[in-house]
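J.: Quick one: sequence and predicted model below, then my questions.
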Amino acid sequence: MRTVSVVLAGLLALAASPAWADAREDAKKQVEFGITVAQKGLWREAIYRWERATQLDPTYAAALNNLAIAYEHEGELAKARGAYEKALELEPDNALIKQNYELFREINDRATRKDSQ
Amino acid sequence: MTARLAKIVSSLAAVALSSACGGYSEISIETPIRATMDVSAFQRVFVAGFISGGSEDVDGNLETTRLLRSQLRTKSSLRVIDADSLPLQDVASEGRPAEQTPPAAVKDEKDLDAYSNLFANVEYWKKIGEEYQQPLIVTGTVLFTPHQRNSIVQREEEVYDSFGRRRVVPVRTYQERKGFILSPKFIFIDGRTGTVMHSTTAREEILYNANQATPALSSYFELMDRVIPSFLSTLSSQKIKGTRILLQ
């Protein structure tokens, strides 16, 4: 019985992995296109692409990182924080995401300074 | 076997190449920060002066008034009124019995508390507003105090073993550090009504090695440099330039 369960689980994983690989592949194309348009200053289009990438593959930390940067550029600081935090949950040791998040926090703290009345 | 080895080498090279040039790219961004206050009703701003104290080496009132005026002139759309700063310490003492007079020499936060009534004096600020054609009035307090902190700090030291090999080892040493704390409170008063519209406080500190002689005025400007962006973002929208890393 146990052997059957293990074999079934293995088969399920095998069946799911191509779908997952396809989703990541599609998401990657969206991310790459987003980078190209962001570099041309078309940030709204980049946001659309990176949001699409995170829908296709919600575990894609790079897409969430890029989305956070785009939100930052558009002044949507609450959304940027959310995206950075999700990206760091997925890849807590990614030094580049951490660096981006630290720079973001510096600006965000300034914008939402709590000691104002 | 050779084909397998070649495959491994080529995949390793691909990984190295993608992490070297394909995995990320730097991009410049400009983050807009909306102004905290709506100052659209005002065309003019009057930096009226500050109650200041702490170090005797820096005149916190004079320097802060001068610095804020020059920053507002270049970084806000409001017209800056050039007038003598107000004798706020005298105004705060007027009509008060001697035992309730605020201390002339401000040394700490407690001394500044005695001046809080001054900023709530609606009639006084309304009168000032009428005199200067109802501007936005900027005033407040500035405390700039010397500060000392002794602590254990870690630094790296080169050592050579008996074979002449160099090693860098962390060394913990006790260090005396001296510096300053800057605690400004900016109060924004509506020159039409004399009421406080908004206030904001900040606290910044800087420490140097005890043997480093840094002039107090230079430290004051270094600390004000950190405070100014937040002060300006109260009055006008700012765009903060920076760079971030896009990932693939």
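T.: All right, it came through fine.

J.: how deep is the closest residue to chain A within chain B tucked in, by neighbour count?
T.: The nearest approach of chain B to chain A comes at residue B:247, 3.5 Å away (Cβ to the nearest Cβ). The C-beta positions use only the backbone N, C-alpha and C, and glycine is treated the same way. Residues lying near residue B:247 (other Cβ atoms under 10 Å in any protein chain shown) number 23.

J.: Those residues of chain B touching chain A, which are they?
T.: B:24-25, B:27, B:29-34, B:36, B:198-202, B:229-230, B:233-234, B:240, B:242, B:244-248 (Cβ under 8 Å from any Cβ of the partner chain).

J.: can you list the residues of chain A near chain B?
T.: Counting by Cβ under 8 Å from any Cβ, the residues of chain A close to chain B are A:28, A:31-32, A:35, A:38-39, A:61-62, A:65-66, A:69, A:72-75, A:77, A:96-97, A:99-100, A:103-104, A:107, A:110-111, A:113, A:115-117.

J.: Out of those, which sit inside helices?
T.: Per DSSP state H, helices hold the following members of the residues of chain A next to chain B: A:28, A:31-32, A:35, A:38-39, A:61-62, A:65-66, A:69, A:72-73, A:77, A:96-97, A:99-100, A:103-104, A:107, A:110-111.

J.: Please pick the buried ones from those.
T.: With neighbours counted by 16 or more other Cβ atoms under 10 Å in any protein chain shown, those contain buried members at A:28, A:31, A:35, A:38, A:61-62, A:65-66, A:69, A:72-73, A:77, A:96-97, A:100, A:103-104, A:107, A:110-111.

J.: Please enumerate the helices of chain B.
T.: Along chain B, the stretches classed as helices by DSSP H are B:2-17, B:60-75, B:88-93, B:109-113, B:116-119, B:122-131, B:216-235.

J.: Show the pLDDT at residue B:142.
T.: Listed pLDDT for residue B:142 reads 95.

J.: Verify the contact between it and residue B:59 for me.
T.: No - if you go by Cβ atoms under 8 Å, residue B:142 and residue B:59 don't touch, sitting 9.7 Å apart.

J.: Between those two, which contacts overlap?
T.: residue B:52 (Cβ atoms under 8 Å, 6 or more residues apart in numbering or on different chains).

J.: Those two: who's more crowded?
T.: residue B:142 (27 against 17).

J.: bridging residues for the more buried one?
T.: residue B:52, residue B:184 (DSSP bridges).

J.: residues in contact with it?
T.: If a contact means Cβ under 8 Å, 6+ apart, then residue B:142 has B:50, B:51, B:52, B:53, B:60, B:61, B:64, B:182, B:183, B:184, B:185 as its contacts.

J.: So for stretch B:30-44, what gets flagged as buried?
T.: Neighbour-count burial for stretch B:30-44 flags B:31, B:33, B:36, B:37, B:39, B:42 (criterion: 16+ other Cβ under 10 Å).

J.: so how far is the first residue of that stretch from its last?
T.: End-to-end distance for stretch B:30-44: 28 Å, by Cα to Cα, to the nearest Å.

J.: Which residues are in contact with residue B:73?
T.: residue B:80.

J.: so what's residue B:105 closest to, chain neighbours aside?
T.: Leaving out its chain neighbours, the residue that sits closest to residue B:105 by Cβ to Cβ, 6 or more residues apart in numbering or on different chains is residue B:53, at 6.8 Å.

J.: what's around that neighbour, how many residues?
T.: By the criterion of other Cβ under 10 Å, residue B:53 has 24 neighbours.

J.: got a pLDDT number for residue B:14?
T.: 39.

J.: same check, this time on residue B:180
T.: Residue B:180 carries a pLDDT value of 94.

J.: Bridged to it, which residues?
T.: Beta-bridge partners of residue B:180, as defined by DSSP bridges: residue B:146, residue B:206.

J.: tell me the contacts of it?
T.: By Cβ under 8 Å, 6+ apart, residue B:180 lies in contact with B:55, B:144, B:145, B:146, B:147, B:205, B:206, B:216, B:219, B:220, B:223.

J.: Number of residues surrounding the fourth one?
T.: Applying the criterion other Cβ under 10 Å, we find 14 residues in the vicinity of residue B:146.

J.: Please look at it and residue B:56 and confirm they touch.
T.: No - the pair residue B:146 / residue B:56 is not scored as a contact, 9.8 Å apart, by Cβ under 8 Å.

J.: and for the two, which residues touch both?
T.: Between them, residue B:146 and residue B:56 share no contacting residue, judged by Cβ under 8 Å, 6+ apart.

J.: separation between residue B:208 and residue B:179?
T.: 5 Å (Cβ to Cβ, to the nearest Å).

J.: Thanks a lot, see you next time.
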